[in-house]
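Colleague: Turn this into a structure:
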Amino acid sequence: MGIQHKRIVSKTAHFSSIGDYQSTIEELWIVCHGYGQLASKFIDDFEVLKKSGRLIIAPEGLSRFYWGGFTGPVVSSWMTSGDRLDEIADYCDWLDSLYDELQSMFSPTIKITVLGFSQGTATVMRWLHAREPKINRLILWAGMTPEDISYLELNNYFSKMEKYFVYGTQDQFITPERLNWQAGFLKEQHLDFKVKNFDGKHRIDSEVLQYFS
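Modeller: Coordinates of the predicted model:
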């Protein structure tokens with residue numbers, strides 16, 4: 001049997017944006033897409049939030065693949081179960097580098113919102129848990145909180161931000177059983193999320209987004 005090895009190499013990462021890179025930016029959104037999406041398309045859902053003084057950044061997962069075979073559209077994923085810890089470390093490094101670049105451009109008083117959709121919810125939670133970037137608001141949308149890590153030791157960090165969980169009442173992935181589990185787990189971990197729902201499926205809802213505007 002062969003022996004597996006690994007090396008850390010550089011890789012080109014992609015992201016999309018809405019808004020202008022200016023020192024007058026007062027508000028930054030970092031929005032992470034779900035499984036099988038591209039940042040360039042995902043960010044279109046956030047056009048309703050476009051306004052002066054706000055910059056929206058959608059980083060893209062580092063793993064691209066063809067959806068539905070060799071001729072399907074190109075999409076992206078944040079991670080798989082294969083060498084998962086390496087993939088988590090890689091996307092945390094990617095999000096860190098983007099965050100640091102953006103932070104260096106703007107005032108230290110800028111308000112930062114981080115949103116994760118579907119697979120992106122686990123992505124942002126793992127990033128926040130591992131690196132503790134300074135943010136003001138966290139929105140988890142249509143995805144569960146990772147259960148294999150403890151948030152108790154970071155209670156002081158998470159308590160300083162607004163926290164929301166959003167889902168569609170017709171979302172095929174958000175079953176009553178999963179909602180009950182989520183509620184129990186968040187209570188156990190002392191994570192106080194406000195819950196908002198809407199009449200819809202597994203998607204970003206523009207009306208709910210505008211609630212956060």
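
Colleague: Helices of the chain, residue ranges please.
Modeller: Listed in chain order, the helices of the chain (DSSP state H) span 39-42, 84-105, 119-131, 155-159, 176-188, 206-211.

Colleague: Check these for me and report the most buried one.
Modeller: The highest average neighbour count among those, using mean count of other Cβ atoms under 10 Å, belongs to helix 119-131 at a mean of 21. C-betas here are computed from N, CA, C, even on glycine.

Colleague: by how many degrees do that one and helix 84-105 diverge?
Modeller: 80 degrees (axes from the mean of the first three to the mean of the last three Cα atoms, to 10 degrees).

Colleague: per-residue pLDDT, Lys194?
Modeller: pLDDT for Lys194: 96.

Colleague: burial of it, as a residue count?
Modeller: Lys194: 10 surrounding residues under other Cβ atoms under 10 Å.

Colleague: Could I get the contacting residues of the closest residue to it other than its chain neighbours?
Modeller: Excluding the flanking residues, the one nearest Lys194 by Cβ to Cβ, 6 or more residues apart in numbering is Tyr164, at 5.1 Å. The neighbourhood of Tyr164, defined by Cβ atoms under 8 Å, 6 or more residues apart in numbering, consists of Arg137, Leu138, Ile139, Leu140, Phe193, Lys194, Val195, Lys196, Phe212.

Colleague: ok, which pair from those is furthest apart?
Modeller: Greatest spatial distance among the contacts of Tyr164 (Cβ to Cβ): Arg137 and Val195, at 14.9 Å.

Colleague: picking up where we left off before, now the residue nearest to Lys194, which residues is it bridged with?
Modeller: As for beta bridges, Tyr164 partners with Ile139, Lys194 under DSSP bridges.

Colleague: Gly168 touches Ile204, doesn't it?
Modeller: No. Contact status for Gly168 versus Ile204: not in contact, 9.5 Å apart, counting by Cβ atoms under 8 Å.

Colleague: who has more neighbours, the two?
Modeller: Counted by other Cβ under 10 Å, Gly168 and Ile204 do not tie: Ile204 has more neighbours, with 23 against 20.
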